[in-house]
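Q: Pasting the sequence and the predicted model now:
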Amino acid sequence: MDLGRSRHRVGTMQTRAPLLVGRDAELTELTRSLSGTRAGRGGAAFLVGEAGIGKSRLAAMATGRAFDAGMRVLRGRGSTIGPMVPFRPLTEALLSLFRGGEPFDDNELGPYRPVLGRLIPEWAAAAPPGAVSLVVLAEAVLRLLSVAGRGRGCLLVLEDLHDADAETLAVVEYLSDNLDLQPIMLLATIRGPQPCPQNLHGESQGFSYAGAGRGVSQRHSSQWAPHRARWSAHRSPR
């Protein structure tokens, strides 16, 4: 069984993945990013490459280090199985806040708490009627992650982001632009032959890494947009 591909949950997460070979630079950078996140300097990292080259395994190693350091770890995954479900990776990740049983003060969310009823069933009764702006929803997710990570840091892992819906990608774009002063790190895996813009470590063995924040090359909206447009066209709602 490839532990790098298995789904670990908060509370039962295994903190070790099989040995990584040739990824020391990337793992070192991710570990440094996790340390900064615990100090309130968040950021985003995108692991991009072909299938089977170790993206999920590297993400699992980083996840294990975050878990060992006492960070709150939330995980979600894009999927092509079944009909398209808006916000699937984000909902899966946020639901683990409630499964884990670890308390956090949701009163700090103020007016953003009802907005999150679209993603969290426990809060659905208070959700506002009608459509909610994606910008407002993304800000609500940002504030929830910030509260959840206060004093310890929060790692949000979204795997197979190439299979995510357009709504999820819009929230990811907003998050990646607004993590600099938050105790939040976003780590995403993306399958694709094209290198990530502003590749940090080159494309050794078909793998590329790009990060945003804390001295790592910034991923601006103009660079993210072509990827979002391509995935949205490929994974339009059915």
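A: The structure has been received and is ready for your questions.
Q: Every contact and neighbour count from this point should use C-alpha atoms.
A: Will do.
Q: where's residue 183 relative to residue 170, distance?
A: 21 Å (CA to CA, to the nearest Å).
Q: Please read the previous query as pertaining to residue 24.
A: Between residue 24 and residue 170 the distance is 31 Å, computed by CA to CA.
Q: Looking at those two, which one has more neighbours?
A: Taking other CA atoms under 10 Å, residue 24 and residue 170 do not tie; residue 170 has more neighbours (17 against 11).
Q: Next, the more buried one: secondary structure please.
A: State at residue 170, reduced to three classes by DSSP: H, G, I helix; E, B strand; the rest coil: helix.
Q: Distance across stretch 94-110, terminal residue to terminal residue?
A: End-to-end distance of stretch 94-110: 18 Å, with CA to CA as the criterion.
Q: buried set for that stretch?
A: Neighbour-count burial for stretch 94-110 flags 94-97, 109 (criterion: 16 or more other CA atoms under 10 Å).
Q: Check those residues and tell me the two furthest apart.
A: 96 and 109 (17.9 Å; CA to CA).
Q: State the pLDDT value of the residue lying farthest from the centre of the chain.
A: Centroid-distance maximum for the chain: residue 129 at 27.5 Å, with CA atoms, centre = their mean. At residue 129, the model reports a pLDDT of 83.
Q: Please pull out the lowest mean pLDDT helix or strand from this protein.
A: In the chain, no helix or strand scores lower on mean pLDDT, DSSP states H and E than helix 221-234, which sits at a mean of 39.
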